[in-house]
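Peer 1: Predicted coordinates and the sequence they were generated for:
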Amino acid sequence: MSRIGKLPIVVPKGVKVSVSSDLISVEGPKGKLVQNYRPEVEIKVSNDQVVVTRKEESIIGRSYHGLYRQLLNNMILGVSTGFSKKLVVNGVGYRAEVKGDSLMLNLGFSTSIQFMIPKDLKITCENQTTIVISGVDKQRVGQVSAEIRSLRAPEPYKGKGIKYDNEVIRRKVGKSGGKK
């Protein structure tokens, strides 16, 4: 039995979960999310919890059991509290700011980079070196933050670039001064 899959999901107040033949729909105060699911698993909704079970003991059924339980849990958390990631811009002259529906990044290139903000996410800059990406879909928040980070990944010698807030950059020593 899947350790993750057998755990029931508690549905908080204000969140509505509905299941059709092959579609899960979760609606809450922050928004609405929809997800397809495979016929190998069965999703049962009671008044305040959701239980995911598998219909068959095949390898595919066992693998989808924990997956759909966690996807459903992330959907419920997303529409009730939301997800966010924080990026830190590090380097001399490196800065970020939000102008309208785009994120302007100065990352040491000859021109500034304009990153269009997706409609389903919210991107804010707390200051010139901190970017906060928030939304209801955990996968979208992670994907967009990875795309922004890939514009100038942190380098190991001086640590310049865009990194996650909790990321630790392993620094290298570099060249020595001279040989004697």
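Peer 2: Happy to help now that I have it.

Peer 1: Tell me how the protein divides into domains.
Peer 2: Using automatic domain parsing, the domain ranges for the chain come out as 9-80, 83-164.

Peer 1: is it possible to export the ones you listed to CSV including mean pLDDT, mean neighbour count and distance to Arg171?
Peer 2: Heads up, the C-betas are built off the backbone N, CA and C, glycines and all. Putting those into CSV (pLDDT from 0 to 100; neighbours: other Cβ atoms under 10 Å; distance: least, Cβ to Cβ, whole Å) gives the following:
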stretch, mean pLDDT, mean neighbour count, distance to Arg171
domain 9-80, 92, 16, 34
domain 83-164, 95, 16, 6
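
Peer 1: Need those in TSV (columns: distance to Ser176).
Peer 2: Shown next, in TSV, are the domains of the chain (distance: least, Cβ to Cβ, whole Å):
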stretch	distance to Ser176
domain 9-80	48
domain 83-164	13
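
Peer 1: which one of those domains lies closest to Lys175?
Peer 2: When the domains of the chain are compared by Cβ to Cβ, domain 83-164 sits nearest Lys175, at 9.5 Å.

Peer 1: Can you measure across that closest one, start residue to end residue?
Peer 2: The straight-line separation of the ends of domain 83-164 (Cα to Cα, to the nearest Å) is 14 Å.

Peer 1: ok, now stretch 94-103?
Peer 2: 13 Å.

Peer 1: With stretch 110-121 instead?
Peer 2: End-to-end for stretch 110-121, by Cα to Cα: 28 Å.

Peer 1: Show residues contacting it.
Peer 2: 98, 101-107, 123, 133-137, 140-141, 144, 147-148, 151 (Cβ atoms under 8 Å, 6 or more residues apart in numbering).

Peer 1: Right, I'll call it a day here.
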